[in-house]
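Chemist: Need a 3D model of the sequence below.
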Amino acid sequence: MPEMTTNLDEALKFFCDNLVTPKWDALMDLLAEDAVMEFPYHLPGFPEKLRGKREIVPYFDLLKDRITINEVRLVTTHKTDDPNVVILEAVGKGHAVQTGHNYEPKYITVLTFRNGLIVHWKDYLNPFTVLIALGGTIALPMAEA
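Modeler: Numbering: from 1, shown residues only. The predicted structure follows:
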């Protein structure tokens with residue numbers, strides 16, 4: 001990673017540039033040691049919260065074996081009243097490693113930075129995109145007419 005900066009715009013660009021799977025190791029360098037990552041919408045068996053870089057890094061290492069993200073396109077960035085907090089909307093393209101099924105997540109992510117590092121990462125990802133890519137199905141009962 002380039003020399004750490006306290007410039008939020010530079011940190012945010014680095015974050016977006018490194019969301020693709022082959023660059024996740026560099027992305028982990030952007031995390032503070034005490035960073036927290038939350039998944040408000042998570043599947044059973046997937047974590048709701050990861051505490052500290054020591055939990056987040058192994059999670060991404062396991063995820064690499066299941067999901068490949070080849071592209072992430074930033075749709076928009078929303079600044080907040082707090083100059084250290086930003087909200088991102090992004091879309092990704094990739095595939096599940098074992099099934100080959102497409103994985104096209106839409107993200108809304110809230111990032112909180114401190115001294116150029118992420119201290120809080122809240123990922124509002126639709127968990128069904130993960131489930132479907134990994135080969136699960138969603139069976140919904142049809143309403144009777």
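Chemist: Let me see the mean pLDDT of the longest helix along the chain.
Modeler: As assigned by DSSP state H, the longest helix anywhere in the chain is helix 53-64. Averaged across helix 53-64, the pLDDT comes to 92.
Chemist: For it, which helices and strands make contact with it?
Modeler: When contacts are defined as 3 or more Cβ pairs under 8 Å, 6 or more residues apart in numbering; DSSP states H and E, helix 53-64 packs onto helix 24-28, strand 31-38. Every residue, glycine included, has its C-beta placed from N, CA and C.
Chemist: Give me the buried positions along that helix.
Modeler: Within helix 53-64, the residues that count as buried by 16 or more other Cβ atoms under 10 Å are 53, 56-57, 60, 63.
Chemist: Is it correct that R114 is in contact with V85?
Modeler: No. In this structure, R114 is not within contact of V85 by Cβ atoms under 8 Å, at 10.5 Å.
Chemist: Which one's more surrounded, these two?
Modeler: A side-by-side neighbour count of R114 and V85, using other Cβ atoms under 10 Å, places V85 first with 16 against 13.
Chemist: List the residues that contact that one.
Modeler: For V85, the contact set (Cβ atoms under 8 Å, 6 or more residues apart in numbering) comprises 110-113.
Chemist: Angles on the backbone of it, please.
Modeler: With angles defined as degrees, to the nearest 10, V85 sits at phi -120, psi 130.
Chemist: ok, which stretches of the protein are helices?
Modeler: Using DSSP H, helices in the chain cover 8-17, 24-28, 53-64, 127-133.
Chemist: Could you save the ones you listed as TSV and add columns showing distance to V91?
Modeler: Shown next, in TSV, are those (distance: least, Cβ to Cβ, whole Å):
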stretch	distance to V91
helix 8-17	12
helix 24-28	17
helix 53-64	18
helix 127-133	11
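Chemist: what's near enough to touch the spatially most central residue of the chain?
Modeler: Nearest to the mean C-alpha position of the chain, by Cα atoms, centre = their mean, lies D123 at 5.7 Å. Listed by Cβ under 8 Å, 6+ apart, the contact set of D123 reads 37-40, 107, 109.
Chemist: ok, of those, which one's closest to F46?
Modeler: For the contacts of D123, the closest approach to F46 (Cβ to Cβ) belongs to F39, at 6.7 Å.
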